[in-house]
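**Q** Okay, structure incoming, though there's no sequence with it:
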């Protein structure tokens, strides 16, 4: 899965201009990339100019900006420091990078979004084994999401996930066409999201058998999922789903 981050800079009027970066936001990737390739105000200004993007690259020309694929409301945001900190607290992002007016990169985390530290000093204190574990964890999460999506497209899945208020909830969900009632099938003929789009947007729209309606699940907030025992019985010439939801 993604490690989301905000990247920004302090303007001359002490406001903050920032953009959203979806992938690889941890200091061992984004942090090093900023120090090595965007270590001055001129380069950072060019980086932020087109707004939000998928992942940071050494060359701006290689960055996939969302505006280039037709997305709307993905421009850079300019606001006061207080508003920027508030946005960080309310976001799903895990790291926040700010270039100060003296050209120094700083970083804070989701735990303490208002406590910025020198990025270079922060990187120097990170253990190599810890860095490797973080990168490995990213790969594992990607595999888990792919497995979940494949499962929900072909069967019923019991999924446990964290809601916006931090509490846990469970649902029995599916995307298998034969398991979605006719009166609940999507009215649009547009195809479903691809795996890349799901991880990029960080949501999967699934049919909840528990609620008999469509629900949105964030892959990054899934804590556990499994395939429950499902039985189909013939009732009045129709197959009826029998599912233990206890």
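**A** That came through, no problem. None of these values were measured; they are calculated from a predicted model.
**Q** okay, CA-based contacts and neighbour counts for the rest of this
**A** Fine.
**Q** and this protein, what are its domains?
**A** Each domain of the chain is listed here as a residue range: 5-126, 148-243, per automatic domain parsing.
**Q** Mind telling me which of these the model trusts least?
**A** Lowest mean pLDDT of the domains of the chain: domain 148-243, a mean of 70.
**Q** Kindly check the end-to-end length of stretch 23-32 for me.
**A** 14 Å (Cα to Cα, to the nearest Å).
**Q** Ok, stretch 64-82 next?
**A** Distance across stretch 64-82, first residue to last, is 29 Å (Cα to Cα).
**Q** who's in contact with that stretch?
**A** 14-19, 48-55 (Cα atoms under 8 Å, 6 or more residues apart in numbering).
**Q** and if we set it to 10 Å?
**A** Stretch 64-82 has contacts (Cα atoms under 10 Å, 6 or more residues apart in numbering) with 7-11, 13-21, 47-57, 84-88, 114.
**Q** What segments of the protein are strands?
**A** Taking DSSP state E, the strands of the chain run over residues 5-10, 16-21, 77-79, 95-99, 105-109, 117-118, 157-162, 168-174, 204-208, 213-217, 222-226, 230-235, 238-243.
**Q** Mind giving me the packing neighbours of the first one?
**A** Right, the one you point to is strand 5-10. With contacts taken as 3 or more Cα pairs under 10 Å, 6 or more residues apart in numbering; DSSP states H and E, strand 5-10 sits against strand 16-21, helix 41-48, strand 77-79, helix 81-90, strand 95-99, strand 105-109.
**Q** and that strand with helix 81-90, angle?
**A** 180 degrees (axes from the mean of the first three to the mean of the last three Cα atoms, to 10 degrees).
**Q** strands paired with strand 5-10, and their directions?
**A** Its sheet considered, strand 5-10 pairs with strand 16-21 (antiparallel), strand 95-99 (parallel) by DSSP bridges.
**Q** same deal with the fifth one?
**A** Based on DSSP bridges, the pairing partners of strand 105-109 within the sheet are strand 95-99 (antiparallel), strand 117-118 (antiparallel).
**Q** now do the longest one
**A** When pairs are called by DSSP bridges, strand 168-174 turns out to pair with strand 157-162 (antiparallel), strand 204-208 (antiparallel).
**Q** can those go into JSON lines with extra columns for distance to residue 71?
**A** Shown next, in JSON lines, are the strands paired with strand 168-174 (distance: least, Cα to Cα, whole Å):
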{"stretch": "strand 157-162", "distance to residue 71": "27"}
{"stretch": "strand 204-208", "distance to residue 71": "18"}
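**Q** Residue 101 is nearest to which of those?
**A** Residue 101 lies closest, by Cα to Cα, to one member of those: strand 157-162, at 38.4 Å.
**Q** Tell me which residues are up against the closest one.
**A** Counting by Cα under 10 Å, 6+ apart, 148-149, 151-152, 167-175, 208-210, 217-229, 245 sit against strand 157-162.
**Q** quick one: stretch 50-57 to chain centroid distance?
**A** Between the centre of stretch 50-57 and the centre of its chain there are 14 Å (Cα atoms, centre = their mean, to the nearest Å).
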